[in-house]
Structures are given as structure tokens and as C-alpha cells.
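Peer 1: A structural model of the following input is requested.
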Amino acid sequence: MHPILPAFPANRPRRLRRTEQLRALARETLLAPGDLIWPIFVRDGQGVAEEIASMPGVFRRSVDRIVEAAAEAAELGVSAVCLFPYTDPSLKTEDCAEAWNPDNLCNRAIRAIKAEVPDIAVMTDIALDPYNSNGHDGLVVDGIIINDETVEALVKMALAQAEAGADILGPSDMMDGRIGAMRTALEAAGYRDVAIMSYSAKYASAFYGPFRDAVGASGALKGDKKTYQMDPANSDEAMRLIARDLAEGADMVMVKPGLPYLDICRRAKDMFGAPVFAYQVSGEYAMIEAAAANGWIDGEKVMIESLQAFKRAGCDGILTYYAPRVARRLRAG
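Peer 2: As a prediction, this is how the structure comes out:
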């Protein structure tokens, strides 16, 4: 409970806003490079860095360029990179078997980063959509995304990524029961120290469009993902899903998208006290960049302000495409 404050003029809140030094002393929310995870897109090839049209300044990189990006992130103090593969369409099948191929694109990138940049954590994505000819996060039978068989496939994917050296697994599929199944399998296989950051509250959002371009899933997707991703109108359901995933063995939880769901971040932190992360998704990034490119906003200032909002809402960290750019700005002061 706040104390009763003296009346004006004894109480002048502007006193602590007068200079940058005073503002810094009174600042409640601090943003640091260590709060950031950088999502990066990996593709086949050598020496490749191709810009994604709907995400200016974001690239699909070949494994050698991914290692360079990871080294840059580590030097800037960014805590982790998160890998998302752009899979050759010829490798996409209905059974999604490429997802747990030990030598798939993602697993090769994990090993390359861990060999060359051991001081950065590597996070992965666990979902079948990059490998699915139907574009869905789960296996599809007669037009229905089936749960339990998908969980079995996701467990194989998790074990392959753990074997490759991943530090953090990020199940983003939203199937029921997958966290418990993965945690049991990881323990049994000896990967006891591999952390799980569960996409516990992942909404069926319209903000994901540019990301699906980035991983080549837009054209493949048949229908929508509303039978497994959350209804954007729901909040209490998110708390139930977070509670479930923590009980099943998740070490950290995520809310996705980010800025439109800051209320979920705040509730999750207040209710559970567990590490809470948010994903500033592709649509959020693209809107800021488009407005900045048109001169409608100051892109640099909005970038920082948007990330401060996550920290203010209770997030321990943020997945953002701005990670290296923000880290450089924070380092420069």
C-alpha cells in the first residue's frame, strides 16, 4: 500500500525528472542486453544472407553466417539466439520426419554455434510446421491436427535437438501434454540440464504473417491454427495453461505475441513468479519498421520503448529481432 504523499508544493514529482542523471536514479525498469534472445533464421547454402521482404533488416542465413551472427550476439552481451529453419520444400512431408533428423538444418546450426561460440546459449523451436507439407504445427489426419501422435513426434524432435547441444528447447506447438512427455524423455536420455521454455500462452494471432514468410510456411498452411493456438479473447485460460506447463516440468514460460498481450505477461508473473518471457513477433517488428521507414515514428525510440514495456509488465526477457541493434544502442549509452 502506498503511503499518503504530501500535497503540492512539498510534493513535486518533476524534481526527479529534471535531468537525465536524476531520471536514471529514479528509473524503475532497466533494459540490458542480457534480457534479450535473438531469433534468427537458418537456411541451406554457404555464405548466404538474404533479406526477408516483409521483415526489413532481418535475414535468412546459411549455417556459416549463423555462426557469425551468434558471435556478434555474444560479443554484444545478448544471452541467447533462437534458431528457426527455412526448410527446403522437398523435405516437407506429411509425417514430418525431417524434424528429428540428426543432420537437419537446425541441428547442424546448433552444433556449429556450440563449437565456435560456446559462450552463447542456443534456443530452438519445437513444432512441426517447418517440416510439414500441410504447414501445421502438428500431424494432420483427415483435416484434423491430432494431438497424441504429434506429441510423440515432438519428443523425437526434442531429443535430437538436445543431442545436438541445444541449451533451451522452445515447444511452440501448443499440443496438450507435450511438456511432461518431453521432460520425461529428456530425463530418461540423460539430458537433465536441458531447459524448457514453453510457449504456454501462444495465441492464434494475426501478427505472425511475416514470420511465416521467413520460414516458408505461408503457402503450405491449409486452414488455420485455431484448434490448438489460444483464442485472443482469453486470459484465464492462459493462466491455466501456464500452471499446467510449470507442473509438467517447464523451467520458463512464454507469452506470444508480445505487446498486445502485456496483460497476460503481468498476470503470469504476479500469479506464478516463474521466469516469464515474451516474443516481440514479426508483425510487431514489421509495423514499427514500416512506420519508421515512412517517417511516421522515430523507429529507434519506439524500439527501446516497446522493449521497456515488456520489462515493466514483468517479463524477465524478450525474444526480439531487434536484439543486436538494441544491445549496440545500450552499450553506446
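Peer 1: And the strands in the stretch 1-150 of the chain?
Peer 2: 36-42, 49-52, 55-61, 80-85, 121-126, 140-141, 144-145 (DSSP state E, counting those that start in this stretch).
Peer 1: Can you say which of those strands is nearest to Asp213?
Peer 2: strand 49-52 (6.3 Å; C-beta to C-beta). C-beta coordinates here come from the backbone N, C-alpha and C atoms, glycine included.
Peer 1: isn't there a helix covering Leu169?
Peer 2: No. Counting by DSSP: H, G, I helix; E, B strand; the rest coil, Leu169 is not found in a helix; it is strand.
Peer 1: so it touches Ala127, yeah?
Peer 2: No. In this structure, Leu169 is not within contact of Ala127 by C-beta atoms under 8 Å, at 11.0 Å.
Peer 1: List the buried residues of the one helix or strand in the chain whose mean pLDDT sits lowest.
Peer 2: Across the helices and strands of the chain, the lowest-confidence element by mean pLDDT, DSSP states H and E is helix 209-214, at a mean of 76. Under the neighbour-count criterion of 16 or more other C-beta atoms under 10 Å, helix 209-214 has 210-214 buried.
Peer 1: re earlier: redo the strands of the stretch 1-150 of the chain as CSV? Include mean pLDDT and distance to Asp251.
Peer 2: Converted to CSV, the strands of the stretch 1-150 of the chain look like this (pLDDT from 0 to 100; distance: least, C-beta to C-beta, whole Å):
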stretch, mean pLDDT, distance to Asp251
strand 36-42, 97, 14
strand 49-52, 94, 30
strand 55-61, 95, 28
strand 80-85, 97, 13
strand 121-126, 98, 12
strand 140-141, 95, 30
strand 144-145, 96, 26
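Peer 1: how near is the residue nearest to Leu139 when sequence neighbours are not counted to Asp224?
Peer 2: In space, and not counting its chain neighbours, Leu139 is closest to Thr150: 4.9 Å by C-beta to C-beta, 6 or more residues apart in numbering. For Thr150, the distance to Asp224 equals 17 Å [C-beta to C-beta, to the nearest Å].
Peer 1: Any stretches of the stretch 1-150 of the chain with poor pLDDT?
Peer 2: Along the stretch 1-150 of the chain, segments meeting pLDDT under 70 span 1.
Peer 1: 80 - rerun?
Peer 2: The stretch 1-150 of the chain contains residues with pLDDT under 80 at 1-3.
Peer 1: Which residues does stretch 163-170 contact?
Peer 2: With contact meaning C-beta atoms under 8 Å, 6 or more residues apart in numbering, stretch 163-170 is reached by 80, 82, 102, 106-108, 110-111, 114, 121-126, 158, 161-162, 182, 191, 194-199, 252, 254.
Peer 1: Kindly export it (C-alpha atoms) in CSV.
Peer 2: Below are the C-alpha coordinates for stretch 163-170, written out as CSV (Å, rounded to 0.1, in the frame of the first residue of the first chain):
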residue,chain,number,x,y,z
GLU,A,163,21.7,-34.4,-28.6
ALA,A,164,22.9,-31.6,-31.0
GLY,A,165,23.7,-29.4,-28.0
ALA,A,166,20.7,-27.1,-27.5
ASP,A,167,20.6,-25.3,-24.2
ILE,A,168,16.9,-24.3,-24.3
LEU,A,169,14.1,-26.1,-26.0
GLY,A,170,11.1,-23.9,-27.0
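Peer 1: gap between that stretch and the chain center?
Peer 2: Stretch 163-170 sits 14 Å away from the centroid of its parent chain (C-alpha atoms, centre = their mean, to the nearest Å).
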